[in-house]
Structures are given as C-alpha cells and as structure tokens.
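Asker: Just a sequence and a predicted model for now, questions to come.
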Amino acid sequence: MHHEAPRFRAVDRVAACYRDAGPLFAAYISAKLRIDPIHAAALDLVPPHGHVIDLGCGSGQLALLLASSAPGRAVTGLDASWARIARGRRAAQLAGAGAQVRYLVSDVRTAPLPSCQAALMVDLLHSLLPAEQDALLRRATRSLEPGGVLLVRDVDRSMRPRWRVAAVALEEMLAGMLGWATGGGGLWFRRASELAAVLSAEGLKTEVRPMWGRTPYANVLIVARR
C-alpha cells in the first residue's frame, strides 16, 4: 500500500480545506473523498496534463483533488448552485490552488463547453430529463480533444438488487434537503447500456465499470475515449 500514500495525503489535504464549511458538511466531504471510489478512479483515468471540465461539480472536492494532484492539469468546475460554487472557491483558496482550478455558476444544459482532455459527469445525469442527458453527452463528446476521455458515473437502473437503486434515491433526497446536492427536481435513472450507446454513436470507445466500492449504491462508471 506504499504507493497509495501520496493519494491518501492528497485526499487529506483537500478534505482539510472544507473544515470551515461547518462540522457536518466537512464530515460529509471527508467521507466522500475517502469512501467514494470515483475519486481514486478519476485520479487514475484523467490525464495529468491539459484542461479538465467537471460538469455538475457540486462543492468542488473532486475538481480540487484533480487540480492539486497534478500541476499540469487546469480544472474548470461548473454547477448551478451559488452556494456550492462558493464552497468550492473557498476550498481552492485555502488550498492555494486558485491558478489551477476555477468554479463557475453555470447551467450545464446550456453552458459553452471548451475543448478539453477530460470531461466528468459524476452523479449528474439522473437530475436531467433523458433528452437533456443525451444532448449533454453529445456536447461533451464533441468538446473532447484527440485522446481525450469522458467519465460518466451514475446509477445503472437495471442493477439488481433493486434496493441499491433505492439507496441512491434516498441519499439524493437527504442531500437535497440539506442543500448539499441539487435535489427536488426529480430523478431519471437509466440503464448504463443506453448511455453508453449514445457515446458509441458519437464514435467513442466505451466500457462500463462497477463504481460503488464500499457504498450500497447502484453506481457504475462509463469510461469513453476518443
């Protein structure tokens, strides 16, 4: 596990930057960084150089982790919530990563997407209508530079047992009530194969990986490469 030490240190540094957001929220972010396997997966899969776009970045912990872990990355996080963007900006300021990461208040359905080496959609698509999901996937694929990668982590509606899907819905409801996630706008879970098919039709090579780790959720990761 010696090779994991730098990653653990990076996670600890990022988690510390959210301590002034209140003890409950800081504990939530710390747990997400340590337990949610998307953070380790993104560190492995996102190129160490180039522009990265985190669509629906929330409070920005993944964007900040990516930016602070590789000096060659420039990361832009987009989210519709002023409160979440403010938390991300404050954390980036405390981390001294202002030159590498920026957070913008944006509606991902209409925001311009600049060319990038990597684009991420983590727990985002199910908050959009199916037609909006497809449109965003197509726009994101067209923003990828040659050799770029798109990472889509979301619920696979076809997963069994069904309680795994219900667990995500419950977590989304609670996080929305606390103002930590979008919440309140409905949930549109789809089969991973449907989402992968949209990306394949755009010419990307796709694979679907399990991405629930030690959590009870029905999450998978679609890795799509240009």
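Answerer: Alright, I've got the coordinates.

Asker: Show the subsequent helix or strand relative to the helix or strand of the chain with the lowest mean pLDDT.
Answerer: None of the helices or strands of the chain scores lower by mean pLDDT, DSSP states H and E than helix 163-177, at a mean of 72. Where DSSP states H and E defines the elements, the next helix or strand beyond helix 163-177 is helix 192-201.

Asker: So for that next one, mean pLDDT?
Answerer: Helix 192-201 carries an average pLDDT of 98.

Asker: Other residues contacting that helix?
Answerer: Contacts of helix 192-201 from elsewhere in the structure, counted by CB atoms under 8 Å, 6 or more residues apart in numbering, are 125, 133-134, 137-138, 141, 150, 152, 154, 156, 158, 206, 208, 220, 222, 224. Heads up, the C-betas are built off the backbone N, CA and C, glycines and all.

Asker: So, low pLDDT: which residues of the chain?
Answerer: Counting by pLDDT under 70, the chain shows low-confidence ranges at 1-4, 175-185.

Asker: Okay, strands next: where are they in this protein?
Answerer: Taking DSSP state E as the criterion, the chain carries its strands at 50-55, 73-79, 101-105, 116-122, 144-155, 205-210, 219-225.

Asker: Relative to residue 75, which of the contacts of helix 192-201 is nearest.
Answerer: Within the contacts of helix 192-201, proximity to residue 75 (CB to CB) peaks at residue 150, which comes in at 14.9 Å.
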